[in-house]
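In: Take a look and give me a structure for this.
(one chain, ligands or ions: 1)
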Amino acid sequence: MILTVTLNTALDVTYRVPELRPHASHRVTEVIERPGGKGLNVARVLAALGHDTVVTGFVGGVTGTVLRQLLARFAAAPPDTAGAPHGTITDALVPIAGTTRRTIGVVDATTGDTTQLNEPGPIVTTPEWTAFMDGYGRLLREASAVALCGSLPPGVPVGTYAQLIREAHAAGVPTLLDTSGEPLRRGIAARPHLVKPNADELAGLTGSTDPLRAARDARRRGARAVAASLGAEGMLAVTAHGAWRAAPPRRLAGNPTGAGDAAVAGLLSGLVEEVPWPDRLARAVALSAAAVRAPVAGEFDRTVYEEVLARVEVTEHPAAA
Ligand SMILES: O=P(O)(O)OC[C@H]1O[C@](O)(CO)[C@@H](O)[C@H]1O
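Out: From the prediction side, this is the model:
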């Protein structure tokens, strides 16, 4: 199975409003709730691709209960699989006394733009952390890969992902890290197999706005491979075996929330299936584009995925880092 870690899970709420205006009062025309936080979205996409997944992290309070109920529902009947075989999603979330946060996406129906509001998340106590680490160690024994995704709840040390990466190394499990800021910087120094920053996160980490230069710098800092998302321009991968850029055939309009999570699912599935890097990157770009065409994070449009996958253009950079 593939393990995804979401320390700061979230009840994802998507509101649709006719037009989003500052200082105005809005009538919401549609409300969609999903079990969220990046690792849960990654797991839902992986399951739709046929992979068995286990999700862990923390969950608590009323929102945590709703999140778990939704997760069970989507695990039983995932959308967008259209008769395709789908993998299992096993809930190994650790209960806490605090309350799981909400993340609110407001979609402006006029422009199609999404405004995201992410709550900080609950406090995690020392006994709760110990329970998580015990479970993490056990889950690693069954995992073919682990994804460490999203922000940290308040008070959780910034070196936490580095610690989880070292544990996975000790268990012989490859790691993918998708976070930002100081947790990303510390995590990279622990030598994850792959990091998936976006261009802004890479620039924040390295000080360079040139994604190729920044990705090479991130490798020098410890990441064994870097797959950077470049928005509508696709993705860039810099690995020990070469560097590639993959671009979708056209710019797709829609809700970009969760596009990065779909890309992570594509990269992880490619890793465990040992797909060559150019095809792995093409899969990530196609899933990312197909996620933009889905109304909420954690889902993708299968027809768009197949159409884009057939037409992604992958080019190799002349010199590997
Ligand atoms: O942990 P954060 O960085 O706050 O990200 C969480 C959020 O990101 C998303 O996963 C989109 O990538 C949302 O579903 C939301 O839960």
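In: Check the gap between F300 and N198 for me.
Out: 18 Å (CB to CB, to the nearest Å). Bear in mind the C-beta positions are built from the backbone N, C-alpha and C, glycine included.
In: Of the two, which one has the most company?
Out: F300 (29 against 19; other CB atoms under 10 Å).
In: Grab the nearest non-local neighbour of the more buried one.
Out: Nearest residue to F300 in three dimensions, chain neighbours excluded: A290, at 3.9 Å (CB to CB, 6 or more residues apart in numbering).
In: Now do the helix or strand hosting that neighbour: distance to the chain's middle.
Out: For A290, the host element (DSSP states H and E) is helix 277-292. Chain-centre distance of helix 277-292: 13 Å, with CA atoms, centre = their mean, to the nearest Å.
In: Likewise for stretch 171-190?
Out: Put simply, stretch 171-190 sits 13 Å off its chain's centre (CA atoms, centre = their mean).
In: Output that stretch in PDB with nothing but the alpha carbons.
Out: Taking Å, rounded to 0.1, in the frame of the first residue of the first chain, the C-alpha atoms of stretch 171-190 are listed here in PDB:
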ATOM      1  CA  ALA A 171      12.400   1.300   7.300                       C
ATOM      2  CA  GLY A 172      13.600   1.300   3.600                       C
ATOM      3  CA  VAL A 173      10.500   3.200   2.400                       C
ATOM      4  CA  PRO A 174      10.800   6.000  -0.300                       C
ATOM      5  CA  THR A 175       9.500   9.400   0.700                       C
ATOM      6  CA  LEU A 176       7.700  12.200  -1.200                       C
ATOM      7  CA  LEU A 177       7.500  15.600   0.600                       C
ATOM      8  CA  ASP A 178       4.900  18.200  -0.300                       C
ATOM      9  CA  THR A 179       5.000  21.100   2.100                       C
ATOM     10  CA  SER A 180       6.300  24.700   2.300                       C
ATOM     11  CA  GLY A 181       8.500  27.100   4.300                       C
ATOM     12  CA  GLU A 182      10.700  25.900   7.100                       C
ATOM     13  CA  PRO A 183       9.200  22.400   7.300                       C
ATOM     14  CA  LEU A 184      10.200  22.000   3.600                       C
ATOM     15  CA  ARG A 185      13.700  23.400   4.100                       C
ATOM     16  CA  ARG A 186      14.300  21.100   7.100                       C
ATOM     17  CA  GLY A 187      12.700  18.200   5.300                       C
ATOM     18  CA  ILE A 188      14.900  18.500   2.300                       C
ATOM     19  CA  ALA A 189      18.000  18.300   4.400                       C
ATOM     20  CA  ALA A 190      16.800  14.800   5.500                       C
END
